[in-house]
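what follows is a predicted structure for the sequence shown.
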Amino acid sequence: MAGKKKEPSAFRSFAKKANTFLANDCPPGPNFIPWYYIINFQKAGSLPLCLALMTFYDNWSMTAVVYTISHGSYGILWIMKHFIFRDRNWDVPTTIMGTVLSFAMVLGPYWMMPYAVISRTVPESSPLRLIIAATIYVVGAAIMMCADCQKHFVLKAKRGLITDGFFGLVRHPNYLGEIMIYSGFALIVNHPYAWAHLLFVWTWVFGTNIHMKECSMSRYDEWGAYASRTGMLLPPLMPASSDEKND
């Protein structure tokens, strides 16, 4: 059932238009390159890049190995996800400049993290830091993969608001998983640059997408009750009581 849809804020509307222009429609045209081409290139290229850097710098330290396993396996998981339960949002056709800007502004800078670690630009991580970082990454990857899988197959069967499973705790578990994944990488790197880039992506890109998604989901009548008992990215500290859930 449809409810009253919440309108996006002026700031987020501007950010969404800016992101769409820069990543998809920036001239010269035409829009003919599927967006997933550049995304999958960056994801799949992370493992070969890390291995090439390890060979070039002759760095086979525990820090380099754990980072390579983490970032490299994430790329493999992403490609698996693309072919098994792909997100059609990445099928949007882009211009040549849109593809270039997507890589230059968001995707490419991620590769500065393995470079910093493997080139020894940053100090080696302690065993405790590696354990914490790897754990955050693994849990985040599991959340991202499972949430995207749930979303894909539930919506394939029936369109509507998903309010159980991973989405019964937080409204955007896929973004939570992505944040945890890259937090694990950045924790290994432990350099202000890594956190600065992630902060930009999380606030400008993720923040805008989440806001627009919330506005879109607000059209459902059950949105108010659902939003009141769930967190945006983290489960609420005080879950709604049974009576509140049934209101």
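Sure, I can see it.

go through the chain and flag its longest helix.
Secondary structure of the chain per DSSP state H: the longest helix is helix 127-157.

next SSE downstream of that one?
Downstream of helix 127-157, the next assigned helix or strand under DSSP states H and E is helix 173-189.

that following helix - contacts with which helices or strands?
helix 62-85, helix 112-118, helix 127-157, helix 192-200 (3 or more C-beta pairs under 8 Å, 6 or more residues apart in numbering; DSSP states H and E). To be clear about C-beta, it is placed using only N, CA and C from the backbone, and glycine gets the same treatment.

what is the rounded mean pLDDT of that helix?
The pLDDT scores in helix 173-189 average 98.

ok, back up a step: in a markdown table, list the helices and strands packed on helix 173-189 along with mean neighbour count and mean pLDDT.
Listed next are the helices and strands packed on helix 173-189 as a markdown table, based on neighbours: other C-beta atoms under 10 Å; pLDDT from 0 to 100:
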| stretch | mean neighbour count | mean pLDDT |
| --- | --- | --- |
| helix 62-85 | 18 | 98 |
| helix 112-118 | 22 | 98 |
| helix 127-157 | 16 | 97 |
| helix 192-200 | 15 | 97 |
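
relative to residue 176, which of those helices is closest?
Distances from residue 176 to each of the helices and strands packed on helix 173-189 were compared using C-beta to C-beta; the minimum, 5.9 Å, belongs to helix 127-157.

mind giving me the packing neighbours of the closest one?
In this structure, helix 127-157 packs against helix 62-85, helix 173-189, with contacts taken as 3+ C-beta pairs under 8 Å, 6+ apart.

what about the nearest residue to residue 102 once chain neighbours are set aside, neighbour count?
Nearest non-adjacent residue to residue 102, counting by C-beta to C-beta, 6 or more residues apart in numbering: residue 23, 4.7 Å away. As a burial measure, residue 23 scores 22 neighbours (other C-beta atoms under 10 Å).

got the contact list for residue 23?
Contacts for residue 23 were tallied using C-beta atoms under 8 Å, 6 or more residues apart in numbering; they are 35, 94, 98, 101, 102, 105, 106.

these two touch, right, the last one and residue 205?
Put plainly, it is residue 106. Yes. Look at residue 106 against residue 205 with C-beta atoms under 8 Å: they come within range, at 6.6 Å.

nothing else from me, thank you.
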